[in-house]
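Participant: sequence below, structure please.
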Amino acid sequence: MAAEFIAQDLDYRKTHLAVAAIENAAIKLGVSSSDLFSRLQKYDIVKSGLFAFYEELHTQSLDWVSDFIIESLQNREAQNI
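Facilitator: As a prediction, the model looks like this:
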């Protein structure tokens, strides 16, 4: 039971970080958060970036994490041209 609670709490914290970073990044880019989320999903940046590296990312500032996803997205989109 305790392990299930811990897993749910970690999932909540990962999701909370992702939502906050995406909303902040969308503001920086001047786009809607739903549009940015769609672009991030296209390149699997939410799951393979934000969720996979949560342990490292949650120690950084929200602005740093937002810049990280913006840079990751821009790099992936530039490679896809």
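
Participant: what is the longest helix seen in the chain packed up against?
Facilitator: In terms of residue count, the longest helix belonging to the chain (DSSP state H) is helix 2-29. Packing partners of helix 2-29 (3 or more CB pairs under 8 Å, 6 or more residues apart in numbering; DSSP states H and E): helix 33-42, helix 54-57, helix 62-79. From N, CA and C alone the C-beta is placed, and that goes for glycine too.

Participant: could you check the angle helix 62-79 makes with the first one?
Facilitator: It stands for helix 33-42. For helix 33-42 against helix 62-79, the angle between stretch directions is 60 degrees (axes from the mean of the first three to the mean of the last three CA atoms, to 10 degrees).

Participant: in helix 33-42, what's buried?
Facilitator: Neighbour-count burial for helix 33-42 flags 36-37, 39-40 (criterion: 16 or more other CB atoms under 10 Å).

Participant: could the residues you listed go into TSV alongside distance to Glu56?
Facilitator: Putting those into TSV (distance: CB to CB, whole Å) gives the following:
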residue	distance to Glu56
Leu36	21
Phe37	21
Arg39	22
Leu40	18
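
Participant: to Glu23, which of the helices and strands packed on helix 2-29 lies closest?
Facilitator: Set against Glu23 and scored by CB to CB, the helices and strands packed on helix 2-29 come closest in helix 33-42, at 4.9 Å.

Participant: helices or strands up against that closest one?
Facilitator: Counting by 3+ CB pairs under 8 Å, 6+ apart, the packing neighbours recorded for helix 33-42 are helix 2-29, helix 62-79.

Participant: closest to Val46 out of those helices?
Facilitator: Closest to Val46 of the helices and strands packed on helix 33-42 is helix 2-29 (CB to CB; 5.8 Å).

Participant: just give me how far the closest one sits from the chain centre.
Facilitator: Remark: helix 2-29 is offset 8 Å from the chain centroid, using CA atoms, centre = their mean, to the nearest Å.

Participant: for stretch 45-57, same thing?
Facilitator: What separates the centre of stretch 45-57 from the centre of its chain is 7 Å, taken as CA atoms, centre = their mean.

Participant: how about residues contacting that stretch?
Facilitator: Stretch 45-57 is contacted from outside by 10, 13-14, 17-18, 21-22, 37, 40, 65, 68-69, 72-73, 76, using CB atoms under 8 Å, 6 or more residues apart in numbering.
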